[in-house]
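1. heads up, no residue letters with this:
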Ligand code: ADP
């Protein structure tokens, strides 16, 4: 195992990684920007390096400065968390060129899954079911309209480089296709520097169900069941739960196998998530799920998998990166009970969810059996305006779903978060 790692992130995920690493006896180096001098992850770490100005482009996205910080503090490996540089293959290459270990998959695995069109193509070849559609070799508006008609309306246009719900358009009526395509291409170019779009059949009553997978350097690939992330606002997850309501043993086995096949197809090493879209119009069917994309990093909602399986996902990430075998074979992984995660965002729900940054004048975290809070906030903390609005994750677990809901209601009632508006 490493004796020192650097965490190239901030907020709750930096704290989450530090917590596990320190439990494993690994020294942690934090990095921070001007906006984060008083941040919790800096206080928790064994050492901290200032890396630049408040905007992410001046700090958390500066791979070269972060690599220098790792070399200068004796870190042997870098954990990227989620967001920022976590799915940036050039960063992975630079980390390795500096003689350090990237705690995550290879750059080639990230590249294989980086663009939605190429990833879907690869998955179809590996026998993983994919949403019927058009992968966009020819971007001519007329050609694409013909393809949309062939797929059958409604269709979804997606920027292939898109993420976080950006660059997506639902088109119900052929007359709206051309405008929607222009809009998605423009958004793809503006947000991701890539205008190329694909078209997918729009799945009516879609459910988003994803599978947690792990691959190690010894050839082991396992999955840790599913998370249902269907409760979304503007294509962004709000509440996640595990197991998925209405899931059957046969569908779970089929989705687990498809996810493992997907990971094996790209020689995946690390923790990852294979996202599927599922037809939720009737009961779940064994043939009613399709690959959407793979996230090649730890997910925000990894917590609920930890609660139902008892596995520490960050610990497995560190073990895999250190070339140790996974701690568990598939037959040793089981799940128990029900877990839900509620994302608390610094947004004003009564004012169109506008960001609500500022000072937290009072914060009290709920507790009790089966209640977990992952956050980097504290009383007196100023939520800076430079980052994602998520400020806290409330996670509950119980043996029955009803009890999990009761614990959640009680925890939400008990929680105090004053000074800003939250969801
Ligand atoms: P992003 O990478 O921006 O998060 P995804 O491709 O993961 O985009 O899609 C985000 C969400 O949009 C999904 O969770 C689902 O709710 C919805 N969605 C995506 N594709 C389809 C589709 N073909 N049919 C219906 N809904 C879809």
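-> That came through, no problem. A quick note: this is a predicted structure, and the numbers were derived from the prediction, not measured.
2. what is the neighbour count of the closest residue to residue 362 other than its chain neighbours?
-> Leaving aside its sequence neighbours, residue 362 sits nearest to residue 418 (CB to CB, 6 or more residues apart in numbering; 4.2 Å). Every residue, glycine included, has its C-beta placed from N, CA and C. When neighbours are defined as other CB atoms under 10 Å, residue 418 has 12 of them.
3. which residues touch residue 418?
-> Residues near residue 418 by CB atoms under 8 Å, 6 or more residues apart in numbering: 360-363.
4. cool, and residue 93?
-> residue 107.
5. buried set for the helix or strand hosting it?
-> For residue 93, the host element (DSSP states H and E) is helix 89-97. By neighbour count on 16 or more other CB atoms under 10 Å, the buried set for helix 89-97 is 89, 91-95.
6. one more: stretch 363-378?
-> Residues of stretch 363-378 classed as buried by neighbour count (16+ other CB under 10 Å): 363, 365-366, 370-377.
7. could you tell me which of the residues you listed are located in strands?
-> Judged by DSSP state E, the buried residues of stretch 363-378 include 363, 371-375 as members of strands.
8. take those residues and lay them out in TSV including distance to the ligand and pLDDT.
-> Below are these laid out as TSV (distance: CB to the nearest ligand atom, whole Å; pLDDT from 0 to 100):
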residue	distance to the ligand	pLDDT
363	29	98
371	27	98
372	24	98
373	25	98
374	21	98
375	23	98
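9. residue contacts, residue 259?
-> With contact set as CB under 8 Å, 6+ apart, residue 259 has these partners: 211, 213, 223, 274, 276.
10. dig out what the second one forms beta bridges with.
-> Looking back up the chat, that one is residue 213. Beta-bridge partners for residue 213, by DSSP bridges, are residue 223, residue 272.
11. any idea how far it is from the ligand?
-> Distance, residue 213 to the ligand, by CB to the nearest ligand atom, to the nearest Å: 16 Å.
12. next: the first one.
-> In this structure, residue 211 and the ligand are separated by 14 Å, where distance is defined by CB to the nearest ligand atom.
13. look at that residue and say how many residues are nearby.
-> Neighbourhood size, residue 211 [other CB under 10 Å]: 26.
14. just to revisit the earlier point, and the residue nearest to residue 362, what's its pLDDT?
-> pLDDT, residue 418: 97.
15. repeat that for residue 329.
-> Model confidence at residue 329, given as pLDDT, is 97.
16. next up, phi/psi of the residue nearest to the spatial centre of the chain, please.
-> Geometric centre of the chain, nearest residue: residue 299, 3.1 Å, by CA atoms, centre = their mean. Note on residue 299: backbone dihedrals following degrees, to the nearest 10 are phi -90, psi 160.
17. quick one, strands of the stretch 101-250 of the chain?
-> With DSSP state E, counting those that start in this stretch as the definition, the stretch 101-250 of the chain shows strands at residue ranges 101-102, 133-134, 155-159, 168-171, 197-201, 206-215, 221-233, 236-242.
18. dump the residue contacts of residue 301.
-> By CB under 8 Å, 6+ apart, the contact set of residue 301 is 227, 229, 237, 240, 341.
19. least confident of those residues?
-> Scoring the contacts of residue 301 by pLDDT puts residue 237 last, at 94.
20. get me the contact residues on the stretch 51-200 of the chain for the ligand.
-> 131, 156, 158, 162-166, 200 (CB under 6 Å from any ligand atom).
21. please disregard the earlier target; I meant the stretch 251-400 of the chain.
-> Near the ligand, when you scan the stretch 251-400 of the chain using CB under 6 Å from any ligand atom, you find 275, 277, 292-293.
22. helices and strands of this structure: which one bottoms out on pLDDT?
-> Least confident helix or strand of the chain, by mean pLDDT, DSSP states H and E, is helix 116-125 with a mean of 92.
23. need the helices for this protein, in chain order.
-> Ranges of helices within the chain are 11-23, 40-44, 63-72, 89-97, 107-114, 116-125, 141-151, 177-192, 249-265, 302-309, 313-321, 401-414, based on DSSP state H.
24. buried deepest among those helices, which one?
-> With neighbours taken as mean count of other CB atoms under 10 Å, the helices of the chain reach their highest mean count in helix 302-309, at a mean of 24.
25. for the closest residue to the ligand within the stretch 301-423 of the chain, which non-adjacent residue is closest in space?
-> Relative to the ligand, the nearest point of the stretch 301-423 of the chain is residue 301 (12.0 Å; CB to the nearest ligand atom). Of all residues not flanking residue 301 in the chain, residue 240 sits nearest, at 4.1 Å (CB to CB, 6+ apart).
26. with distance to residue 393 and neighbour count added, can I get the residues of the stretch 251-400 of the chain next to the ligand in CSV?
-> Formatted as CSV, those follow (distance: CB to CB, whole Å; neighbours: other CB atoms under 10 Å):
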residue, distance to residue 393, neighbour count
275, 19, 18
277, 24, 24
292, 23, 23
293, 22, 21
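27. and the two most separated of the residues you listed?
-> Within these, 277 and 293 form the most distant pair, 9.8 Å apart (CB to CB).
28. which ones are touching the residue lying closest to residue 239 once chain neighbours are set aside?
-> Leaving aside its sequence neighbours, residue 239 sits nearest to residue 231 (CB to CB, 6+ apart; 4.2 Å). By CB under 8 Å, 6+ apart, the contact list for residue 231 reads 237-240.
29. measure residue 231 to the ligand for me?
-> As defined by CB to the nearest ligand atom, residue 231 lies at a distance of 10 Å from the ligand.
30. state the distance from that residue to residue 208.
-> Here residue 231 is placed at a distance of 9 Å from residue 208 (CB to CB, to the nearest Å).
31. what sits in contact with each of the two?
-> Taking CB under 8 Å, 6+ apart as the criterion, residue 231 and residue 208 both touch residue 237.
32. residue contacts, the closest residue to the ligand within the stretch 1-150 of the chain?
-> Proximity to the ligand, evaluated over the stretch 1-150 of the chain using CB to the nearest ligand atom, is greatest for residue 131 at 4.9 Å. By CB under 8 Å, 6+ apart, the residues touching residue 131 are 120, 200-201, 203, 277, 290-292.
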